[in-house]
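Asks: Predicted model and sequence follow; I will ask about them next.
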Amino acid sequence: MIPNPSQDSDTAKAIKACFSCSRTCLETLQYCLHQKVSKFTGKQLAILQFCADSCQTSAGMMMADISIHHQSCELTFELCTRCAEECERYQDDTVMSRCADECRRCADICRAMAGMTVQISGNGGREATKPARP
């Protein structure tokens with residue numbers, strides 16, 4: 001998909017960051033799986049995969065200009081933050097450090113895309129707002 005020309009530069013930057021983070025997480029996952037002595041847990045590997053998947057979903061929703069992309073960006077922010085925390089455990093490993101940096105960058109951008117409020121439906125069709133977590 002090609003970004004919609006009517007999308008603002010913040011959206012285009014977020015799409016690019018999500019695709020880059022997804023690629024980095026998948027490359028890191030492959031790196032982890034090919035270690036001779038695995039020091040990585042199944043949970044850590046799953047977080048890498050979920051982060052990559054969430055980044056892909058958020059980028060796709062922004063590209064398609066789906067109105068609820070803000071919620072997807074909030075989830076991506078949460079997963080990127082968690083993934084960065086897991087990767088930071090291996091500070092001496094350049095691949096893991098690169099992944100942590102990429103996830104932090106994407107998390108910051110997705111947090112901005114999620115905005116200060118998140119739309120929640122469920123009040124008889126009315127939309128309510130809930131402050132996003134700091």
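Replies: Yep, that arrived.
Asks: host element of Arg23?
Replies: If you go by DSSP states H and E, Arg23 is part of helix 9-33.
Asks: Let me know the secondary structure of Pro65.
Replies: Pro isn't right for residue 65; it's Asp. With DSSP: H, G, I helix; E, B strand; the rest coil as the basis, Asp65 sits in coil.
Asks: Next, it: phi, psi?
Replies: The phi/psi pair for Asp65 (degrees, to the nearest 10) reads phi 60, psi 40.
Asks: what about it, neighbour count?
Replies: 12 (other C-beta atoms under 10 Å). Using the backbone N, CA and C atoms, a C-beta is placed for each residue, glycine as well.
Asks: Likewise for Ser97?
Replies: Other residues lying near Ser97 total 14 when counted by other C-beta under 10 Å.
Asks: Now do the helix or strand containing it against helix 9-33, angle only.
Replies: Per DSSP H and E, Ser97 falls inside helix 94-114. Helix 94-114 runs at 150 degrees relative to helix 9-33, counting by axes from the mean of the first three to the mean of the last three C-alpha atoms, to 10 degrees.
Asks: can I have helix 94-114 written out in PDB, keeping just the CAs?
Replies: What follows is helix 94-114, C-alpha atoms only, in PDB (Å, rounded to 0.1, in the frame of the first residue of the first chain):
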ATOM      1  CA  THR A  94      24.500  -5.100  19.500                       C
ATOM      2  CA  VAL A  95      21.500  -6.800  17.700                       C
ATOM      3  CA  MET A  96      19.400  -6.600  20.800                       C
ATOM      4  CA  SER A  97      20.400  -3.000  21.600                       C
ATOM      5  CA  ARG A  98      19.500  -2.000  18.000                       C
ATOM      6  CA  CYS A  99      16.100  -3.600  18.500                       C
ATOM      7  CA  ALA A 100      15.600  -1.800  21.800                       C
ATOM      8  CA  ASP A 101      16.400   1.500  20.200                       C
ATOM      9  CA  GLU A 102      14.100   1.000  17.200                       C
ATOM     10  CA  CYS A 103      11.300  -0.100  19.500                       C
ATOM     11  CA  ARG A 104      11.700   3.000  21.800                       C
ATOM     12  CA  ARG A 105      11.700   5.200  18.700                       C
ATOM     13  CA  CYS A 106       8.500   3.600  17.300                       C
ATOM     14  CA  ALA A 107       6.900   3.600  20.800                       C
ATOM     15  CA  ASP A 108       7.400   7.400  21.100                       C
ATOM     16  CA  ILE A 109       5.900   8.000  17.600                       C
ATOM     17  CA  CYS A 110       3.000   5.700  18.200                       C
ATOM     18  CA  ARG A 111       2.200   7.300  21.600                       C
ATOM     19  CA  ALA A 112       2.000  10.600  19.800                       C
ATOM     20  CA  MET A 113      -0.300   9.100  17.100                       C
ATOM     21  CA  ALA A 114      -2.500   7.600  19.800                       C
END
